[in-house]
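Peer 1: Sequence and predicted structure are below.
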Amino acid sequence: MLYKKNYLLKLNHVLFKAGQVPFFIIPYLALPLQNQSKSGFLLPKFSFDDELGFGIKEEFYFSIAPHRDNTFGIDWREKRGWAFFNEFRW
């Protein structure tokens, strides 16, 4: 189901597919539109390369005020382990 209310795009049962093969599902997702940002987890990022192996990165977006936000999270790589990061934007 897809609908727009108060400049917020809300999606239910989001399914990601590679061709005809489903590989990831998100039961609920809310996306802000037109500068109506809200705090929350971002979609995880998966990666693979020969040097670092398989990896996953999970971020949390924190909306502090208009034109001020912070993103922090973890980045795990198979051959390196855990890394924590933080990015403040003004």
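Peer 2: On my side now, so go ahead. Residues are numbered from 1 along each chain as shown.

Peer 1: for this structure, what spans make up the strands?
Peer 2: In the chain, the strands defined using DSSP state E lie at 2-5, 8-18, 21-32, 40-41, 45-49, 53-65, 68-77, 81-89.

Peer 1: worst average pLDDT in those?
Peer 2: Lowest mean pLDDT within these: strand 2-5, a mean of 54.

Peer 1: Just put the strands of the chain in TSV and tack on mean neighbour count.
Peer 2: For every residue, glycine as well, the C-beta is placed using N, CA and C. As requested, these are exported to TSV (neighbours: other CB atoms under 10 Å):
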stretch	mean neighbour count
strand 2-5	9
strand 8-18	11
strand 21-32	11
strand 40-41	12
strand 45-49	11
strand 53-65	14
strand 68-77	15
strand 81-89	10
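
Peer 1: May I have the beta-bridge partners of residue 85?
Peer 2: residue 73 (DSSP bridges).

Peer 1: what's it in contact with, if anything?
Peer 2: Residue 85 sits next to 72-75 when contact means CB atoms under 8 Å, 6 or more residues apart in numbering.
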